[in-house]
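1. missing the sequence, but the structure's below:
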């Protein structure tokens, strides 16, 4: 998370945008706080002389786009970007609903539900609008108001975007105790939350595969195609875009320019482009059986 924030870890600039919706983000957070595995990530050490990927910061990161990264994220963009925005960044998370409507959200942990083994998953990690108010009746009635820290204490809602910042988490904990008058019940409850949820989350480990900068570009091509044909699969064009980016050729930009120029014969141009892309891909990254 620190590397994503500073720009030490970035994305190849041909990577698609972040596409995870609110439901998938909440499910991912739930897996992490329960210490479930969420799969491995793959990084490529930056500086390979035969691979000329341009780079861009992780979405939401304040890193300077011109800063040269130490490594590029080849696999794990969706998971790492979701975790960075929900558990590390202090800005509201720009995501979308399951009906593809753009929304901004903060994520909270319901302390009581998080410690209740019978609680429904939907009740543990709570998604809150950027206003930090959950409303009903078309916004006329405020069901939950978390606009102040005191209201977070009152409702026992822990803000998840400080869970990876131990000093901020400790300050919230101390103020939480003070707000409730240091009652033994509150101290016992939060101590249990820290032991069962907060500390394990701070210690959570994701397996990472690192390809060093001596990795042949043919291997990077094959690895990238393999890891992007599962989960949210890339299209053929997106895979081709990745292959051409290795040699610093911006296929998407080239295609848009050609489409504009030859708008009257778009279909012909498209199929010719795809055919030629496949030819060049085989030349650049021949498969083992060819």
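-> Everything's here; your move. No experiment lies behind these values; they were computed from the predicted model shown. Numbers count the residues shown, from 1 in each chain.
2. kindly list the longest strand within the protein.
-> Assignment by DSSP state E gives strand 102-110 as the longest strand of the chain.
3. residue 168 in helix, strand or coil?
-> helix (DSSP: H, G, I helix; E, B strand; the rest coil).
4. ok, the nearest residue to it once chain neighbours are set aside - how many residues close by?
-> Distance criterion Cβ to Cβ, 6 or more residues apart in numbering; nearest residue to residue 168, sequence neighbours excluded, is residue 162 at 4.2 Å. In short, each C-beta sits where N, CA and C put it, glycine included. Applying other Cβ atoms under 10 Å, we find 18 other residues in the vicinity of residue 162.
5. on the pLDDT front, check residue 162 for me.
-> Residue 162 carries a pLDDT value of 98.
6. repeat for residue 115
-> You'll see residue 115 listed with a pLDDT of 97.
7. check residue 60 too.
-> pLDDT, the model's per-residue confidence, is 92 for residue 60.
8. contacting residues around it?
-> Residues in contact with residue 60 (Cβ atoms under 8 Å, 6 or more residues apart in numbering) are 81, 84, 85, 89, 91, 93, 94.
9. now list the buried members of these.
-> When these are checked for burial by 16 or more other Cβ atoms under 10 Å, the buried set is 81, 84, 85, 89, 93.
10. the last one bridge partners, please.
-> Counting by DSSP bridges, residue 93 forms beta bridges with residue 105.
11. all numbers from here: first residue = 27
-> Sure, I'll start counting at 27 from here, so that last one is residue 119.
12. wait, it sits on residue 54?
-> No - counting by Cβ atoms under 8 Å, residue 119 does not reach residue 54; the two are 11.6 Å apart.
13. nothing else from me, thank you.
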